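1. sequence and predicted structure are below.
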Amino acid sequence: MNQKSKWRKLCSLLLAAAMLAGCGNTEEKIVSEVSEAEETNTAESSEDTEVSIGMPKQMPAFIAKDLQGNEITESIFAEKDLTVVNIWGTFCPPCIAEMPELGEWAKEMPDNVQLVGLIVDIQGDNDTEHHDLAVMITEKAGAEFTQIIANEDLSDITRWVVGVPTTLFVDKEGTIVGEAIVGADVDGYKSFVEDYIDGK
């Protein structure tokens, strides 16, 4: 089965609902997810399959770069009690539309909370087209918070994402807490953060 056929197959199964809330995954990530699903033996129990392809409970160890070329590792989570991770792509209108509000929110956050972007569609150091577009989007939006470029180290997270924006909440140990929010919902992000901090 060629890549386009795989893409169409997965789109028909997964992305219709995700598109209602945000933007679907990039073709490369979709093809990767299809390949993984096809490699899974159909004789496995559905429970085993869900565990193998579900969102992990912990952020992986990683070394990545931000938009300015600075090295970022998983140690970024230890800096605050809670990190809001907004996973987005330059191809996604809802992601871009919420960016100014996220930029404002990042400036107003309490000292023990931070906002981090995770950009899924910059394909390595040579992808200047998407890199420059991400820089333009964030600068125009006044989104001055850290923007991490997703790489293979973060694939355990990005392969799970079927629509962007998807927002995760990560504690200082790197544990993913609460439920991911799929779709642009800044009020929902704020509500989770308030409840989490109040509960500490």
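-> Received the coordinates, thanks. Values in this document were obtained by computation on a predicted structure and should not be read as measured data.
2. alpha carbons only for contacts and neighbour counts from here, please
-> OK.
3. so which bits of whichever helix in the chain runs longest are buried?
-> In the chain, with assignment by DSSP state H, the single longest helix is helix 93-108. Buried residues in helix 93-108, defined by neighbour count with 16 or more other C-alpha atoms under 10 Å: 93, 94, 95, 96, 98, 99, 100, 102, 103, 105, 106.
4. okay, strands next: where are they in the chain?
-> Secondary structure of the chain by DSSP state E: the strands cover 23-24, 63-66, 71-73, 82-88, 113-119, 146-149, 163-164, 166-171, 181-182.
5. can you get me a residue count around the closest residue to residue 61 other than its chain neighbours?
-> Leaving aside its sequence neighbours, residue 61 sits nearest to residue 74 (C-alpha to C-alpha, 6 or more residues apart in numbering; 5.5 Å). A count of neighbours around residue 74, defined by other C-alpha atoms under 10 Å, yields 16.
6. and the gap between the residue lying closest to residue 92 once chain neighbours are set aside and residue 195?
-> Take residue 92 and drop its neighbours on the chain: the residue closest to it by C-alpha to C-alpha, 6+ apart is residue 23, 5.5 Å away. Distance of residue 23 to residue 195, given as C-alpha to C-alpha, to the nearest Å: 27 Å.
7. list the contacts of residue 188.
-> residue 181 (C-alpha atoms under 8 Å, 6 or more residues apart in numbering).
8. residues contacting the residue nearest to residue 61?
-> 59, 60, 61, 62, 63, 174 are the contacts of residue 74 under C-alpha under 8 Å, 6+ apart.
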